[in-house]
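Visitor: Just to be clear, the model below is a prediction. Sequence and coordinates:
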Amino acid sequence: MVGIENNERRGVVRRVTTFFDGATAEMLGHTKSAIMDVSHILDHLNEPQREAVTAPLGNALVLAGAGSGKTRVLVHRIAWLIEAEGVSPFGVLAVTFTNKAAAEMRQRIEALLDIPIRGLWVGTFHGISHRLLRMHWQEAKLPQNFQVLDADDQLRLVKRVMRSLDIDEHRWPARQATWFINGHKDEGRRANSLPDDNDLFQMTHKRIYENYEELCNQGGLVDFAELLLRSHELWLDKPELLAHYQHRLGHLLVDEFQDTNTIQYAWLRVLAGSNGCVMAVGDDDQSIYGWRGARIENIQRYSDDFKDVATIRLEQNYRSTGNILRAANSLIRRNAGRLGKELWTAGGDGEPIRLYAAYNDLDEARFITERAQGVIDTGGSPDDVAVLYRSNAQSRVIEEALMLAGIPYRIHGGFRFFERAEIKNALSYMRLIHDRHADPAFERVVNTPTRGIGEKTVEVIRHEARERSVSLWQACKDAIVDGRLSGRAAGSVGAFLKLVDDLAEACDELELHELTEIVIRDSGLLEFHGREPGERGLARKENLQELVNATRQFTGELVFPLQDDDAAEVSMLQEFLDQAALDAGEAQAGSGPAVQLMTLHSAKGLEFPTVFLSGLEEGLFPHRMSTEEHGRLEEERRLCYVGMTRAMQQLYLTFAETRRLHGSDSYNRRSRFVDELPHELIHEVRMKTGVEVPFGIPRRPKSEPLQEDGALRIGQRVHHAKFGEGFVLHCEGAGERARVQVNFSGVGEKWLMLGYANLKPMD
DNA sequence: TCTATCACCATTTTT
DNA sequence: TGGTGATAGA
């Protein structure tokens, strides 16, 4: 029904160029909105936003700059489709990358439309693909109770495969093999489609991929990439099924389009078919996930691959001050091949961007802490402050400084709730209760808590299972009957089997949370983890309790409700386990206002009144590993752009001349990104005094200051009391912080503080 | 089978 | 520097 309506509508061309709030209804022509008040949808939108929200039914590309109201446009567009265009909620599919974004969008749509939108599909690529596979497991050639593997499960499985193939894990790290498999799946390639060549790397990994694939198929295991790949294949294999969804889902909206990878793009194209309307929202300047397969070119290809794409640019920024935007604009302008966008604000210039050249990482942390304290002292909330860094290793010193100052902070990233070992253990018992043949779960808890089933015994069971192509569980039963296990091992294994069977029986008729409670107690996990030394034991026990709470609150309500004909028979337990795999939860429960510490990557999409961009040093940011390739350097620059545009009022850039990383000191030059910013927008904060001076002018090119003193120049031979003779390689800094790198004939290259080294020129 | 010790190593992260 | 994984000894 919906599909037919849509097809008719798509021919209708409506030009809506200007809106006057009072006149809106009259201007909408013959659509349903003529009799309906849609001002709540269109009020408070700027011109381009309204253009996007009310775009004619068809394909559209919305280039939404940072802070330009992207989510707002998506939400209002959906409301517009439903209320003004009369599209059924069942005909709309909104795709995001994270569960958080999906939840937020759903919530905002419901708030805007003031009614729960049953049937509206809002979810992640993975979540939606997963749902499809659950509904059409037979067509997708999966067992009904197939299991979703998370990254950790996958890695373990790959390791198991490699061991069974006798592949040296030193030479071929399992991480790399997993990377290889996922990389190809993300590109839509199955193991058998990879070419055979003489490349040992390729052939080894292909072999692993093939065996891994086989093991997954045998055990009904589906990893993240597989969800997408398989649902894509499902559509291609079953045209009638595809037709059903194409007909039903006539309106697709995709958030963060620049982050789509090859398979996601293909997935969308297939689903859209020739009649579907796709609204792609994204920002090529914020593409920072190329390293995990995202294809920035998808956003460029889109206009070619889809017909009659209307392009709308959202460039008015509602977040940052003029200075911040000007700096960000001029930074990103250095990247080539952009679709082009220039952020502007109706607000004022605001304060200058502040730059702090710290002596070392501790000094940097001290400065950040001091200024964060300043924000709090002047009535700000700790929540208003974010400290961003390139790599997680940088967080420690900042943490310590904040802790010392008694400023509450929260670190984003790290282990998330469902990724914690104790939680995964508990879930594994639950998984086994649900499906005795779930091998990954079996492997995980067969000897957790320790019950005398060692590696040797497990190896016997694995061998048995492989020989007969049965699950580990089945292999245990057989091995006991056939007497293939020693008396002692047979006893322990038998006890484990009985434990799980007993748990299953005891929990048969119970609510999910009651089951969970019994599982963590009777499996011995609660006691086992509680015994762990120190704070950790306590924390783990609490987490397990928290799991019980989570199951109690779990309603089984689907992320996106299904229409009656979609109804799939899925137990609450299954549902919960799936969700735990697909949504690992938040890393830390928020408790009170706190300064936010996170990587630049995880800051995307967020905003803060005060932002510290720390560690702006060559080698760290841009990261050493990204400086070689041009494309990767541009991605680093986009990352810097993302970081800067998080700031609403105040932006601090900091770097350290010396940094302790991995236990040894490193001396890095200030990041090129700092120098790519217009100097007039920056004030440099001087050490100790805190006095601000204009940035840029007095700074001389490196090595010059020393030359002027007539002391040293590059290449000059020098003598050091302890290291002997050498010649100067580099000079950096000035005054008390001046350093030289000298290549000594005896001890090699050394960095020395000029003030202390007492170098004697030799010529 | 479990625990202590020692190399080894080290962007970014969601699903 | 600190976390991880392999190995040796109890």
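Guide: Yep, it's here. Nothing here was measured: the structure is a model prediction, and the numbers come from that model. Residues are numbered from 1 along each chain as shown, chains lettered A, B, ... in the order given.
Visitor: Any residues of the stretch 601-750 of chain A in contact with DNA strand B? List them.
Guide: Contact residues (Cβ under 7 Å from any atom of the strand) of the stretch 601-750 of chain A with DNA strand B: A:601, A:602, A:623, A:625, A:626, A:632, A:636, A:662, A:663. C-beta coordinates here come from the backbone N, C-alpha and C atoms, glycine included.
Visitor: Pass me the low-pLDDT residue ranges in chain A, would you?
Guide: Residues of chain A that meet the criterion pLDDT under 70 lie in A:1-35, A:556-570, A:588-590, A:688, A:696-715, A:732-737, A:746-749, A:755-756, A:763.
Visitor: if we can go back for a sec, show me which of the residues of the stretch 601-750 of chain A next to DNA strand B is closest to DNA strand C.
Guide: residue A:663 (2.3 Å; Cβ to the nearest atom of the strand).
Visitor: thinking again about what came up before, how about the residues of the stretch 601-750 of chain A next to DNA strand B in a markdown table, adding neighbour count and secondary structure?
Guide: A markdown table is the format used below for these (neighbours: other Cβ atoms under 10 Å; DSSP: H, G, I helix; E, B strand; the rest coil):
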| residue | neighbour count | secondary structure |
| --- | --- | --- |
| A:601 | 16 | helix |
| A:602 | 15 | helix |
| A:623 | 17 | strand |
| A:625 | 11 | helix |
| A:626 | 20 | helix |
| A:632 | 16 | helix |
| A:636 | 21 | helix |
| A:662 | 6 | coil |
| A:663 | 5 | coil |
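Visitor: Now for these: which two are most distant?
Guide: Greatest spacing in those, by Cβ to Cβ: A:632 and A:663 (26.5 Å).
Visitor: Tell me which residues touch whatever residue of the stretch 1-150 of chain A ends up closest to DNA strand C, please.
Guide: Using Cβ to the nearest atom of the strand, the single residue of the stretch 1-150 of chain A nearest to DNA strand C is residue A:150, 15.1 Å away. Counting by Cβ atoms under 8 Å, 6 or more residues apart in numbering, residue A:150 touches A:224, A:418, A:419, A:581, A:584.
Visitor: What about those residues, which are in strands?
Guide: Nothing among the contacts of residue A:150 maps onto strands, per DSSP state E.
Visitor: Can you say which of these are also within reach of DNA strand B?
Guide: Within the contacts of residue A:150, those near DNA strand B by Cβ under 7 Å from any atom of the strand are A:224, A:584.
Visitor: from the contacts of residue A:150, which is closest to residue A:105?
Guide: Distances from residue A:105 to the contacts of residue A:150, taken by Cβ to Cβ, are shortest for residue A:584, at 19.3 Å.
Visitor: Who are the contact partners of the closest residue to the closest one other than its chain neighbours?
Guide: Sequence neighbours aside, residue A:416 is the residue nearest to residue A:584 in space, at 3.9 Å (criterion: Cβ to Cβ, 6 or more residues apart in numbering). Residues in contact with residue A:416 (Cβ under 8 Å, 6+ apart) are A:584, A:585, A:586, A:587.
Visitor: Just the buried ones from those?
Guide: Buried members of the contacts of residue A:416, scored by 16 or more other Cβ atoms under 10 Å, are A:584, A:585, A:587.
Visitor: Can you tell me the closest non-neighbouring residue to the second one?
Guide: In this structure, residue A:585 finds its nearest non-sequential neighbour in residue A:417, 3.6 Å apart by Cβ to Cβ, 6+ apart.
Visitor: I'd say the one you found and residue A:549 touch.
Guide: No. With contacts counted by Cβ atoms under 8 Å, residue A:417 stays clear of residue A:549, the gap being 11.0 Å.
Visitor: who has more neighbours, those two?
Guide: residue A:417 (18 against 11; other Cβ atoms under 10 Å).
Visitor: Distance-wise, check that one relative to DNA strand B.
Guide: Relative to DNA strand B, residue A:417 is positioned 11 Å away (Cβ to the nearest atom of the strand, to the nearest Å).
Visitor: again with residue A:692
Guide: 31 Å.
Visitor: do residue A:61 as well
Guide: Residue A:61 is 23 Å from DNA strand B, by Cβ to the nearest atom of the strand.
Visitor: what is that residue paired to in the beta sheet?
Guide: Beta-bridge pairing of residue A:61 under DSSP bridges involves residue A:280, residue A:311.
Visitor: Just list the residues touching it, thanks.
Guide: Contacts for residue A:61 (Cβ under 8 Å, 6+ apart) come out as A:257, A:279, A:280, A:299, A:302, A:303, A:309, A:310, A:311, A:312.
Visitor: Equivalent analysis for residue A:502, please.
Guide: Here residue A:502 is in contact with residue A:522 (criterion: Cβ under 8 Å, 6+ apart).
Visitor: Please apply the same query to residue A:603.
Guide: Going by Cβ under 8 Å, 6+ apart, the list of residues near residue A:603 reads A:386, A:388, A:642, A:643, A:646.
Visitor: Now which of those residues would you call buried?
Guide: Listed as buried from these are A:386, A:388, A:642, A:643, A:646; burial here means 16+ other Cβ under 10 Å.
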